[in-house]
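>>> Curious how this folds, go ahead:
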Amino acid sequence: MEPHAFFLSLLIILLGARLFGEVAVRVGAPAVIGEIIAGIVIGPSLLGWVEPDKVIRLLAEIGIILLLFEVGLETDARRLRSAGKQALLVAVLGFVMPLLLGFATSRWLFGQSIMVSLFIGGTLTATSIGVTMRVLSDLQRRTTKEGQIVLGAAVLDDVLGVIVLALLYEFSVTGNISLLNAGRVLMFVSMFLIIAPISAKVISVLIHRASETQTIPGLIPTTMVSLVLFFAWLAHLVGVPELLGGFAAGLALSRRFFLPFGVALRTNEAFAVEIEAQMRPIIQLFTPIFFVMVGLSLSLREIDWSSPFIWSFSLVFFIIAVISKYAGAILLKESWSTRLAIGMAMVPRGEVGLIFAELGRLTGVFNNEVHAGMVIVIMLTTLLAPIWMKLYYQHFEPFVSGRR
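This is a model prediction of the structure:
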C-alpha cells in the first residue's frame, strides 16, 4: 500500500471506530460492538473503503497485545481470595461447560474437525470482565456479594482463557494435538506467568526511580510500551502467543498485583495509577483498530446467507453460550434470584472471545462462515447481556438484595 493510501485508510478506521463506538454507547451497547460494525461498514462487506492489508493487521496485532495488557492491569488476585470458593466454582464450571458443550456440539452436531471444535469451545469459555465490570458499576452492584463473586470468577476465567489460548495456538501452529506439546506449553506458560510478572515488577521499580530524575517528558509511556513489546517477543521466543506477554506485563504492573516473596518490592500505589493514566490513551488508540479489523475480516458478502448452516450454527452456539455460564451459579447456596443474576453477568464474551475467534481465523482453523458465526454469537452475548441485566435488576432488585 502506498503511504498516502495507508494514511487515508488509518484515518477512516480511527474515525469510524470513534463514531460507531460513540453511537453504540449512546444506545446502551458496549463500544466494542460499534467498532466491529464500523469495520463491517467501511470494509469489503459494504462500502469497500478499507482493505485489511498487512500493515493494518500489524497495528491490530499491537492492539491485541495492549488489550491483554489492559486485562492484566485490571486483574485483581486479592478479589479472587475474598470471593473464595463461590467464585472458584462459578469460574471453573463456567469455563469447563462452554468448552465441553461447544466442542461436542461442533464435533458431533455440525461435523467440524477436532481442531475447529476445540477453537469453538475455547471461544465460548471467555467472559468479558470489561463489559461485566461496566454494567455492574452502572447498576451500582459492583460491591455487592454477587458482584464480588462475578468479578472474582471473571478474573479467573481470564487467566484460564489465556492458558487455553496458548494451547490452541500451539495446536494450530504444529497442525496436530499432542499431549507432549500440551505439557510443554503448560510448563512454559506456568513459568512465564510466574517469572515474567516478577521480572516486570523489578523493572518497573527501576523505571519509577528513573522517572523521578527524567529531564524530558514521556519516559513512562515509552518504557511501558517497550516493556510490553519485550514480553510479547519473549513469549513468542518460549513458544506461547505474543498476547501472553502483554497479559503478564499488565498483571505485574497492576496496583492490585500480589508479589509472592517480594516484600521489598512493595507496590507504589501512586506510580501504578500514573502508569494506568499515561498508558490509557495509547491503549485507546490501538485497541479499536483490532476490533475494526475483526469487522473488516468478516467478508459478509462471501457468506451464503440463504444457507441454513449460518443461522442454525449461530443460534445453537448462542444458546450454548448463555446456558453454559449458569452451570456454576446454579450450584451456589444462594437464593435463585441471586444465582440467576450471577449467571447472567457471566454471559458477555466481548473482547476476550473476539481474540479467540480472530486467532482461529488468522491460523486458518476457522473458515469464513464459522468465523462469522462465532463473531455473531460474541456480538449477541455482548450486546444482549447488559440489556437483560439492567431489566432484571429493575424488576427483581428487592429479591436479589434479599429484602423479600
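>>> Next, count neighbours for residue 209.
10 (other CB atoms under 10 Å). Every residue, glycine included, has its C-beta placed from N, CA and C.
>>> element containing it?
helix 179-211 (DSSP states H and E).
>>> before we move on, what about residue 163?
helix 145-174.
>>> for residue 316, same thing?
Counting by DSSP H and E, residue 316 is part of helix 308-323.
>>> which parts of that helix are buried?
310, 313, 314, 316, 317, 318, 320, 321, 322 (16 or more other CB atoms under 10 Å).
>>> Enumerate every residue touching the second one.
So the one you mean is residue 313. Shown in contact with residue 313 (CB atoms under 8 Å, 6 or more residues apart in numbering): 110, 369, 370, 373.
>>> roughly how far apart are the residue sitting nearest the centre point of the chain and residue 337?
Centroid-nearest residue in the chain: residue 352, 2.0 Å away (criterion: CA atoms, centre = their mean). Between residue 352 and residue 337 the computed distance is 27 Å (CB to CB, to the nearest Å).
>>> related to what we said a few turns ago, following the helix holding residue 316, which helix or strand shows up next?
Following helix 308-323 toward the C-terminus (DSSP H and E): helix 327-330.
>>> per-residue confidence averaged over stretch 114-132?
For stretch 114-132, the mean pLDDT works out to 81.
>>> so how far is that stretch off the chain centroid?
Here the centre of stretch 114-132 is set off from its chain's centre by 9 Å, with CA atoms, centre = their mean, to the nearest Å.
>>> Could you give the backbone dihedrals for residue 27?
phi -100, psi 10 (degrees, to the nearest 10).
>>> Give me the phi and psi angles of residue 331.
phi -80, psi 0.
>>> Give the other helices and strands that the helix or strand where residue 117 lies contacts.
Residue 117 is located in helix 114-125, with elements delineated by DSSP H and E. Helices and strands touching helix 114-125, by 3 or more CB pairs under 8 Å, 6 or more residues apart in numbering; DSSP states H and E, are helix 77-104, helix 145-174, helix 308-323, helix 350-362, helix 368-401.
>>> re the thing from before, apart from its chain neighbours, what residue comes closest to the residue nearest to the centre of the chain?
residue 126 (3.8 Å; CB to CB, 6 or more residues apart in numbering).
>>> Quick one: neighbours of that neighbour, just the number.
29.
>>> now the one 10 residues further on
Counted with other CB under 10 Å, the neighbours of residue 136 add up to 24.
>>> my read: it touches residue 147, true?
Yes: the criterion here is CB atoms under 8 Å, and residue 136 meets it with residue 147 at 5.0 Å.
>>> Find residues that contact each of the two.
In contact with both residue 136 and residue 147: residue 345, using CB under 8 Å, 6+ apart.
>>> any idea how far residue 210 is from residue 95?
Applying CB to CB to residue 210 and residue 95 gives a distance of 40 Å.
>>> Look at those two and report which has more neighbours.
Between residue 210 and residue 95, counted using other CB under 10 Å, residue 95 has the larger neighbour count: 26 against 12.
>>> if I pick that one, what's in contact with it?
Applying CB under 8 Å, 6+ apart, the residues contacting residue 95 are 125, 156, 157, 160, 161.
>>> hmm, which two among these are most spread apart?
Largest separation among those by CB to CB: 125 and 156, giving 11.3 Å.
>>> In terms of packing, which of these two has more residues around it?
residue 125 (26 against 22).
>>> Quick check: the more buried one vs residue 23, distance?
From residue 125 to residue 23 the distance is 30 Å (CB to CB).
>>> Can you tell me, leaving aside adjacent residues, what's nearest to residue 189?
That would be residue 166: by CB to CB, 6+ apart, it lies 5.0 Å from residue 189.
>>> Can you report how many residues lie near that neighbour?
Residue 166, neighbours per other CB under 10 Å, totals 23.
>>> what's residue 67 sitting at in phi/psi?
phi -60, psi -40.
>>> How about it: what's its closest non-neighbour residue?
residue 287 (4.8 Å).
>>> State the pLDDT value of that neighbour.
At residue 287, pLDDT is 81.
>>> what do you get for residue 281?
If you check residue 281, the pLDDT there is 83.
>>> now residue 97
91.
>>> Surely residue 220 touches residue 276?
No: if you go by CB under 8 Å, residue 220 and residue 276 don't touch, sitting 10.4 Å apart.
>>> And residue 329, how far from residue 347?
For residue 329 relative to residue 347 (CB to CB), the value is 10 Å.
>>> Next one: residue 195 from residue 110, what distance?
40 Å.
>>> What of residue 209?
56 Å.
>>> I figured the residue nearest to residue 67 hits residue 66, correct?
Yes: in terms of CB under 8 Å, residue 287 counts as a neighbour of residue 66; the distance is 6.0 Å.
>>> Adding distance to residue 230 as columns, could you present the helices and strands packed on helix 114-125 in CSV?
Shown next, in CSV, are these (distance: least, CB to CB, whole Å):
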stretch, distance to residue 230
helix 77-104, 23
helix 145-174, 18
helix 308-323, 36
helix 350-362, 21
helix 368-401, 30
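>>> which one of those helices is the most hemmed in?
helix 350-362 (a mean of 24; mean count of other CB atoms under 10 Å).
>>> tell me what that helix is packed against?
So helix 350-362, by 3+ CB pairs under 8 Å, 6+ apart, packs with helix 31-42, helix 54-74, helix 114-125, helix 129-138, helix 145-174, helix 269-296, helix 368-401.
>>> If we use 6 Å, what do you get?
With contacts defined as 3 or more CB pairs under 6 Å, 6 or more residues apart in numbering; DSSP states H and E, helix 350-362 has these neighbours: helix 114-125, helix 368-401.
>>> Relative to residue 188, tell me which of those wins on proximity.
helix 114-125 (18.0 Å).
>>> and the angle from that closest one to helix 77-104?
140 degrees (axes from the mean of the first three to the mean of the last three CA atoms, to 10 degrees).
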